[in-house]
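Undergrad: Give the three-dimensional model of this entry:
(one chain, ligands or ions: 1)
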Amino acid sequence: MKVIVSGIVDLSTIDYPKKCSAVIFLHGCNMRCPYCHNLNHILGHKKEMTVEELFNNIDFFFADAIVISGGEPTLQKDAVIEIAKYAKEKGFPVKIDTNGTRPEVIEELVKNNLIDYVAIDVKCKFDKYKEFVKCKEDGEEIKKKILKIIDLCKKNNVFVECRTTFVPMVMDKEDIEEIAKTVKDCDLYAIQQFEPKDAYDEEFKKLPMPKEDELKELGKIAKKYVDRVVIRTINGVFEI
Ligand code: SF4
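TA: A predicted model of the protein is given here:
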């Protein structure tokens with residue numbers, strides 16, 4: 001089978017916490033998040049290859065883990081499963097980044113012991129989803145799917161992170177409170193600093209970057225519900 005790839009990064013120190021990872025960006029996405037940094041790249045670059053060719057293209061001199069990212073990688077179900085199997089056979093821990101819309105793919109990974117870390121993007125308050133990320137499903141459906149993934153991971157000892165990119169003037173502390181309440185059983189909730197300069201939506205390029213102190217305050221709100229909370233900023237990761 002062929003996988004459709006938009007890009008490969010041989011070495012990243014930020015995509016798999018506490019590991020040096022190679023990151024595989026699979027082509028295509030079912031959302032249009034206005035703050036997305038790589039959507040133009042993901043949609044504009046496309047290369048088909050076998051999983052073996054894909055791994056032959058990665059320089060593993062430093063990487064000790066694999067991250068399957070996108071786009072939305074779960075749109076290519078067979079590719080995700082094959083990549084995870086190949087990585088596991090080579091002894092690498094595997095993380096997947098997902099927007100949570102394909103729990104059946106995560107289920108297959110979890111049930112077959114092919115995944116170690118699942119990071120779910122929770123984009124906004126659930127009643128704002130359709131408008132915010134221009135997806136087909138409504139927020140309530142996505143909420144159920146995200147909760148299903150958290151439950152699956154918890155029952156099978158797979159580390160599950162939820163994370164939200166906080167965009168000032170579009171989101172507020174109630175958004176974070178509602179999200180944190182909903183995903184309270186995840187292992188880690190991360191609030192990420194929005195970076196306007198590369199946003200997909202031109203209007204979002206004009207929005208301010210949230211200050212570290214503002215994110216810390218939001219982190220304290222989330223901490224009322226989730227045991228472990230971090231904020232991720234351009235200056236690093238801070239435990240709340
Ligand atoms: S941030 Fe949104 S638009 Fe960008 S790749 Fe992820 S889900 Fe797709």
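Undergrad: so what's the spatially most central residue of the chain up against?
TA: Relative to the mean C-alpha position of the chain, the nearest C-alpha, by CA atoms, centre = their mean, is the one of residue 97, at 3.5 Å. By CB atoms under 8 Å, 6 or more residues apart in numbering, the contact list for residue 97 reads 15, 67, 68, 69, 70, 73, 119, 121. C-beta here means a position set from N, CA and C on the backbone, and glycine is covered the same way.
Undergrad: chain center to the helix of greatest length in the chain: distance?
TA: Looking across the chain with DSSP state H, the single longest helix is helix 139-155. Distance of helix 139-155 from the chain centroid (CA atoms, centre = their mean, to the nearest Å) equals 14 Å.
Undergrad: Check which helices and strands that helix is in contact with.
TA: helix 103-111, strand 117-121, helix 129-133, strand 159-166, helix 173-182 (3 or more CB pairs under 8 Å, 6 or more residues apart in numbering; DSSP states H and E).
Undergrad: and that helix with strand 159-166, angle?
TA: Put simply, helix 139-155 runs at 150 degrees to strand 159-166, going by axes from the mean of the first three to the mean of the last three CA atoms, to 10 degrees.
Undergrad: about what we covered before: make CSV out of the helices and strands packed on helix 139-155 and add distance to the ligand and mean neighbour count.
TA: Converted to CSV, the helices and strands packed on helix 139-155 look like this (distance: least, CB to the nearest ligand atom, whole Å; neighbours: other CB atoms under 10 Å):
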stretch, distance to the ligand, mean neighbour count
helix 103-111, 14, 18
strand 117-121, 6, 23
helix 129-133, 6, 17
strand 159-166, 8, 22
helix 173-182, 16, 18
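Undergrad: Would you format the ones you listed as TSV with mean pLDDT included?
TA: Listed next are the helices and strands packed on helix 139-155 as TSV, based on pLDDT from 0 to 100:
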stretch	mean pLDDT
helix 103-111	98
strand 117-121	98
helix 129-133	93
strand 159-166	98
helix 173-182	97
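Undergrad: Mind checking these for the one nearest to residue 214?
TA: Distance to residue 214, taken as CB to CB, is lowest for strand 159-166 among these, at 7.9 Å.
Undergrad: Residues of this structure that sit close to the ligand?
TA: 29, 31, 32, 33, 36, 39, 42, 70, 71, 72, 99 (CB under 6 Å from any ligand atom).
Undergrad: Of those, keep whichever come out buried.
TA: Neighbour-count burial within the residues of the chain next to the ligand applies to 29, 31, 33, 36, 39, 42, 70, 71, 72, 99; the criterion is 16 or more other CB atoms under 10 Å.
Undergrad: got the contact list for the closest residue to the last one other than its chain neighbours?
TA: So the one you mean is residue 99. Nearest non-adjacent residue to residue 99, counting by CB to CB, 6 or more residues apart in numbering: residue 121, 5.0 Å away. Applying CB under 8 Å, 6+ apart, we find residue 121 in contact with 97, 98, 99, 100, 162, 163, 164, 165.
Undergrad: do the same with residue 234
TA: Counting by CB under 8 Å, 6+ apart, residue 234 touches 193, 195.
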